[in-house]
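K.L.:
Task: produce atomic coordinates for the following.
(one chain, ligands or ions: 3)
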Amino acid sequence: MWRRRLGAFLLRSPPSSSSTAASSCQHRRHHLLPREEPPALNRLARLFTSQAGSDGGNSQKPFIAFVLGGPGSGKGTQCTKIALDFGFAHLSAGDLLRHEIASGSEKGELIVDIIKEGRIVPSEITVELIRKAMEASNANKVLIDGFPRCEENRIAFERIVGREPDIVVFFDCPEDEMVKRLLGRNQGRVDDNIETIKKRLKVFESLNIPVIDYYSSRGKINATGTADEIFEAVCKLFSSLRF
Ligand SMILES: Nc1ncnc2c1ncn2[C@@H]1O[C@H](COP(=O)(O)OP(=O)(O)OP(=O)(O)O)[C@@H](O)[C@H]1O
Ligand SMILES: O=c1ccn([C@@H]2O[C@H](COP(=O)(O)O)[C@@H](O)[C@H]2O)c(=O)[nH]1
Ligand SMILES: [Mg+2]
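P.N.:
Ligands and ions are numbered 1, 2, ... in the order given. Just a heads-up that it's a prediction; the model follows:
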């Protein structure tokens, strides 16, 4: 069912037939096309010379991809691959929050309690961390992994960053598979236990889904199968985009 199994949604119009999706991941870089017409050659040149999405002084607005999906759906795993193969900067909202915890700040103490409970950190905190990370990355293509988590997050991002995403990707994964993956993650995360996972799944249903509904338009990525199989579908999607 749609509300159970999430998909990938393009907010931007698909490219014209002249920029068709690559049939395999191997040649996808050759399918990246510029978004705007007049500075097209300059921008194309930057794409081919950029490192991790940075254009070494980008004053233009970056291409923003929100990457959403349930807990354990594989957002982080796929973002790592996208970043490597498509030259995006990967900003994980969860990682930014965990970094704040590790810094020993007062805010970090509040955040760790919220994460243990599987709840959502106040929007101002998360958006400010994302905004600073975007600025620091100086990237022209940014993956924002695991955000927005609720309508309030979405609205706060628009207000503070002043942007809407260019694309929203949803990873579609059944609950039992997500639970299995989280329980096997073994990275010492405070929320990888069955009690917190159950709470996260409830929050996912009640708060994440309305955001997903807000963005829903067409397309989805089936997040079952191996990470490589899923990435093949991701490649098709990203190869069809104009960055
Ligand atoms: N397709 C897959 N098949 C099996 N295991 C996977 C797959 N993709 C990712 N995993 C594993 O599942 C676990 C969760 O994946 P990942 O951390 O990418 O999910 P996530 O969506 O970022 O989760 P969270 O929302 O908790 O951050 C990791 O241990 C990862 O190695
Ligand atoms: O935008 C966000 C992102 C995350 N959180 C909190 O962090 C945990 C873990 O996040 P992951 O993205 O899955 O690593 C999440 O359960 C929330 O408690 C948040 O509040 N806002
Ligand atoms: Mg993650």
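
K.L.:
Could you use CA atoms for every contact and neighbour count after this?
P.N.:
OK.

K.L.:
what residue lies at the spatial centre of the chain?
P.N.:
Closest residue to the average C-alpha location of the chain: residue 67 at 2.4 Å, with Cα atoms, centre = their mean.

K.L.:
how close does that residue get to residue 108?
P.N.:
Look at residue 67 and residue 108: by Cα to Cα, to the nearest Å, they are 24 Å apart.

K.L.:
Which SSE is immediately downstream of the helix or strand of the chain with the lowest mean pLDDT?
P.N.:
Ranked by mean pLDDT, DSSP states H and E, the weakest helix or strand in the chain is helix 40-49, scoring a mean of 30. Going down the chain from helix 40-49, the next helix or strand is strand 63-69, by DSSP states H and E.

K.L.:
how long is stretch 178-188 from one end to the other?
P.N.:
Note: stretch 178-188 ends 17 Å apart using Cα to Cα.

K.L.:
Are that stretch and ligand 1 in contact anywhere?
P.N.:
Yes: applying Cα under 6 Å from any ligand atom, one finds stretch 178-188 touching ligand 1 at 181, 182, 184, 185.

K.L.:
Show the pLDDT at the third one.
P.N.:
The one in question is residue 184. Listed pLDDT for residue 184 reads 98.

K.L.:
Quick check on it: phi, psi?
P.N.:
phi -100, psi 0 (degrees, to the nearest 10).

K.L.:
related to what we said a few turns ago, run through the bridge partners of the residue nearest to the centre of the chain.
P.N.:
residue 145, residue 169 (DSSP bridges).

K.L.:
That one is in contact with residue 142, isn't it?
P.N.:
No: in this structure, residue 67 is not within contact of residue 142 by Cα atoms under 8 Å, at 10.2 Å.

K.L.:
Show me what counts as buried in the helix or strand encompassing residue 181.
P.N.:
Using DSSP H and E, residue 181 sits in helix 175-183. Neighbour counts using 16 or more other Cα atoms under 10 Å place 175, 178, 179, 181, 182 of helix 175-183 among the buried residues.

K.L.:
Kindly report the same for stretch 107-114.
P.N.:
For stretch 107-114, by 16+ other Cα under 10 Å, it's 108, 111, 112.

K.L.:
Then stretch 146-164?
P.N.:
Quick answer for stretch 146-164 (16+ other Cα under 10 Å): 146, 147, 148, 149, 150, 151, 153, 154, 155, 156, 157, 164.

K.L.:
I'd like those residues laid out as JSON lines, including distance to ligand 1, pLDDT and secondary structure.
P.N.:
JSON lines is the format used below for those (distance: Cα to the nearest ligand atom, whole Å; pLDDT from 0 to 100; DSSP: H, G, I helix; E, B strand; the rest coil):
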{"residue": "146", "distance to ligand 1": "6", "pLDDT": "97", "secondary structure": "coil"}
{"residue": "147", "distance to ligand 1": "10", "pLDDT": "98", "secondary structure": "coil"}
{"residue": "148", "distance to ligand 1": "12", "pLDDT": "97", "secondary structure": "coil"}
{"residue": "149", "distance to ligand 1": "10", "pLDDT": "97", "secondary structure": "coil"}
{"residue": "150", "distance to ligand 1": "14", "pLDDT": "97", "secondary structure": "coil"}
{"residue": "151", "distance to ligand 1": "17", "pLDDT": "97", "secondary structure": "helix"}
{"residue": "153", "distance to ligand 1": "16", "pLDDT": "98", "secondary structure": "helix"}
{"residue": "154", "distance to ligand 1": "17", "pLDDT": "97", "secondary structure": "helix"}
{"residue": "155", "distance to ligand 1": "21", "pLDDT": "97", "secondary structure": "helix"}
{"residue": "156", "distance to ligand 1": "20", "pLDDT": "98", "secondary structure": "helix"}
{"residue": "157", "distance to ligand 1": "19", "pLDDT": "98", "secondary structure": "helix"}
{"residue": "164", "distance to ligand 1": "22", "pLDDT": "94", "secondary structure": "coil"}
